[in-house]
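> What shape does this take:
(one chain, ligands or ions: 2)
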Amino acid sequence: MDLTLKHYINGKWVSTDSDDTRRIINPYNQEVIAVVPEGNESEAKEAIAAAREAFDNGEWANTPATERGSIVKKIAELIERDKEELAYLESLDTGKTVEESRGDMEDIAGVFRYYGELADKDGGELIESPVPNSSSKVVHEPVGVCGQITPWNYPLLQASWKLAPALATGNTLIMKPSEITPLTTIKVFELMEEAGVPAGVANLVLGAGDTVGAELSSNTDVDLISFTGGIETGKKIMQAASVNVKKLALELGGKNPNIIFADADFDLAVDQAMNGVFFHAGQICSAGTRLIVEETIHDEFVNALVERVKKFKLGSGFEEGTQMGPLISAEHLAKVEKYVETGINEGATLALGGSRPEDPRLQQGFFFLPTIFTDCTTDMDIVQEETFGPIITVETFRAEEEAVKLANDSIYGLAGGVFTNDISKAERCAAKMRMGTVWINEFNLYFPHAPWGGFKQSGIGRELGKLGIEEYTESKHIFQNLKPEPLNWF
Ligand SMILES: NC(=O)c1ccc[n+]([C@@H]2O[C@H](COP(=O)([O-])OP(=O)(O)OC[C@H]3O[C@@H](n4cnc5c(N)ncnc54)[C@H](O)[C@@H]3O)[C@@H](O)[C@H]2O)c1
Ligand SMILES: C[N+](C)(C)CC=O
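Numbers count the residues shown, from 1 in each chain. Ligands and ions are numbered 1, 2, ... in the order given. Prediction:
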């Protein structure tokens with residue numbers, strides 16, 4: 001792969017007008033892995049104009065849905081073909097283990113396949129008209145030009161949740177990946193070109209949020225903005241998007257509770273509590289960072305957790321046996337460190353970790369030890385705010401209602417888990433938990449068929465599943481009078 005990469009606008013790989021470039025850094029050792037052109041408002045405008053023209057000329061929207069679906073399925077095939085290269089690039093760019101990246105690539109191919117299959121399954125809907133001698137139907141049409149903005153933690157996965165449904169439904173788009181991790185998104189645009197996505201339909205602009213991202217959000221030629229990222233950025237985008245009342249989909253952060261009842265399968269709950277947080281060093285929107293443990297098993301549970309977590313092997317994502325890689329950047333590492341300081345100042349007890357590792361092999365990377373805080377209460381910032389690092393906070397409860405109340409005590413509502421062997425209890429909790437996803441005896445599982453998104457300030461709208469494709473369509477009611485007669489009113 002050519003690592004002096006470019007924007008992809010109107011079917012051409014183009015460089016930036018200015019000489020601005022950005023160095024892409026490997027978070028494991030701070031080496032420069034690529035230099036990419038840094039776009040700005042000017043490239044964003046060019047790409048928006050290309051997407052506008054491609055939408056307005058109607059070719060893509062009027063391409064038979066079966067044909068669009070075949071192209072989307074072809075992208076899935078090409079991702080599978082190049083899975084190793086993509087996984088390598090994703091790990092190089094994010095620091096996550098290559099095993100995790102391979103899993104991501106399988107998921108991503110699955111998303112393109114799922115939406116490719118769905119492309120021609122919507123024939124609209126006939127409505128029973130209350131008006132005699134008439135017909136009434138609802139059809140779904142593409143929204144138009146879509147701006148798509150993605151984060152750095154799951155670069156290609158989050159991109160796939162946007163690209164696949166937008167293409168399947170006949171929209172045109174401009175994607176802006178995170179400026180920190182653009183590599184796999186660039187590669188997938190090569191694959192989309194190879195699969196036969198026509199010029200102008202899918203455009204890629206590299207660059208920062210406050211230039212390219214802000215242009216996509218505020219430009220009146222963009223009809224929809226789909227954003228995944230932090231809550232504060234989401235608020236800015238929402239405000240900017242109001243300029244032409246864009247359709248809006250926001251996938252924001254989470255501070256996700258994981259309730260462990262005393263009657264849960266103990267080993268399973270410990271295992272899933274770890275998996276729920278420490279994949280990708282806790283840099284997951286749905287990480288189960290708020291453990292809410294029944295008081296009677298608290299000590300035993302925390303001890304078991306500490307024993308397992310302290311054996312984690314940190315290192316290069318490419319090294320056999322590595323379980324946790326580095327954080328994404330020096331800036332993010334500093335933020336996570338600051339949260340540990342906050343937790344200690346707030347009176348939480350540091351049961352494990354809390355610092356950078358001393359291992360000399362890890363000094364060039366942005367590593368942070370897996371960290372467990374006990375004696376946490378719901379008023380603490382480390383319990384309420386998204387640290388986005390490998391930090392678990394542990395709270396306790398005595399009664400089911402108390403557990404649910406603690407779980408819901410958050411501005412977020414992305415996801416949560418319940419571990420118990422009492423199915424009625426699990427169902428009662430799930431019904432009361434104010435989150436877009438609730439897992440019972442499971443954590444952090446997602447697949448293309450089920451919708452994903454947040455209650456409360458975790459977002460607006462849904463990705464994945466049928467709802468994920470509906471975000472990219474407008475519904476139109478077409479009424480026909482089969483026996484028109486004058487009203488003779490005036
Ligand atoms: N809900 C989900 O499914 C989900 C999935 C992954 C990540 N996330 C969230 O993403 C966050 C981490 O990602 P991040 O640090 O990249 O988030 P971020 O908000 O800093 O950046 C996300 C994207 O927005 C762009 N951006 C920044 N400022 C902008 C602006 N003013 N206008 C337009 N675009 C702008 C960035 O360049 C980047 O591409 C966490 O909060 C995490 O929970 C949520
Ligand atoms: C949505 N998910 C879980 C794939 C990534 C969140 O950061």
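> Can you tell me the SS state at Gly147?
strand (DSSP: H, G, I helix; E, B strand; the rest coil).
> what's the neighbour count on it?
Using other C-beta atoms under 10 Å, Gly147 has 31 other residues around it. Glycine gets a C-beta too; all of them are placed from N, C-alpha and C.
> isn't it right up against Ser226?
Yes: applying C-beta atoms under 8 Å, one finds Gly147 in contact with Ser226, separated by 7.2 Å.
> Thought Phe366 was touching His332, still the case?
Yes: His332 is within contact range of Phe366, at 6.9 Å (criterion: C-beta under 8 Å).
> So which of the two has more stuff around it?
Each of His332 and Phe366 has its neighbours counted (other C-beta under 10 Å); Phe366 has more, 24 against 21.
> Quick check: the gap between the more buried one and Asp422.
Noted for Phe366: a distance of 42 Å to Asp422, by C-beta to C-beta, to the nearest Å.
> how about the residue nearest the centre of the chain, phi and psi?
Closest to where the C-alpha atoms of the chain average out (C-alpha atoms, centre = their mean) is Gln158, at 4.3 Å. Main-chain torsions, Gln158, degrees, to the nearest 10: phi -70, psi -30.
> same question, Val394
Backbone geometry at Val394, expressed as degrees, to the nearest 10, gives phi -120, psi 120.
> Same check on Gln239?
Dihedral angles (degrees, to the nearest 10) for Gln239: phi -70, psi -50.
> so what pLDDT did it get?
As predicted, Gln239 sits at a pLDDT of 98.
> same deal with Leu191?
The model reports Leu191 with a pLDDT of 98.
> Which strand or helix spans it?
Assigned by DSSP states H and E, Leu191 belongs to helix 183-195.
> Next: Thr393.
Residue-wise, Thr393 maps onto strand 391-397 under DSSP H and E.
> Give the buried residues for the following helix or strand past that strand.
Counting by DSSP H and E, the next helix or strand C-terminal to strand 391-397 is helix 400-408. Buried positions in helix 400-408, judged by neighbour count with 16 or more other C-beta atoms under 10 Å: Glu400, Ala403, Val404, Leu406, Ala407, Asn408.
> Please report how far the nearest residue to the third one once chain neighbours are set aside lies from Asn408.
Meaning Val404. In this structure, Val404 finds its nearest non-sequential neighbour in Lys432, 4.8 Å apart by C-beta to C-beta, 6 or more residues apart in numbering. In this view, Lys432 and Asn408 are 7 Å apart by C-beta to C-beta.
> neighbours of whatever residue of the chain ends up closest to ligand 2, just the number please.
Using C-beta to the nearest ligand atom, the closest approach of the chain to ligand 2 is made by Cys285 at 3.4 Å. Residue neighbour count, defined by other C-beta under 10 Å, stands at 27 for Cys285.
> The nearest residue to Glu128 once chain neighbours are set aside: what's it in contact with?
Leaving out its chain neighbours, the residue that sits closest to Glu128 by C-beta to C-beta, 6+ apart is Ser136, at 7.5 Å. Ser136 sits next to Leu126, Ile127, Glu128, Ser129, His477, Ile478, Phe479, Gln480 when contact means C-beta atoms under 8 Å, 6 or more residues apart in numbering.
> next one: Ala208
So Ala208 contacts Glu38, Asn40, Glu179 (C-beta under 8 Å, 6+ apart).
> thinking again about what came up before, separation between the residue nearest to Val404 and Asn444?
Counting by C-beta to C-beta - Lys432 and Asn444 are separated by 21 Å.
> pLDDT averaged over the longest helix belonging to the chain - what is it?
Using DSSP state H, we find that the single longest helix of the chain is helix 98-118. Averaging pLDDT along helix 98-118 gives 98.
> before we move on, the earlier item: now do the contacts for the residue nearest to the centre of the chain.
Contacts of Gln158 by C-beta under 8 Å, 6+ apart are Thr150, Pro151, Thr228, Glu251.
> go again using 7 Å as the cut-off
Contact analysis of Gln158 by C-beta atoms under 7 Å, 6 or more residues apart in numbering lists Thr150, Pro151, Thr228.
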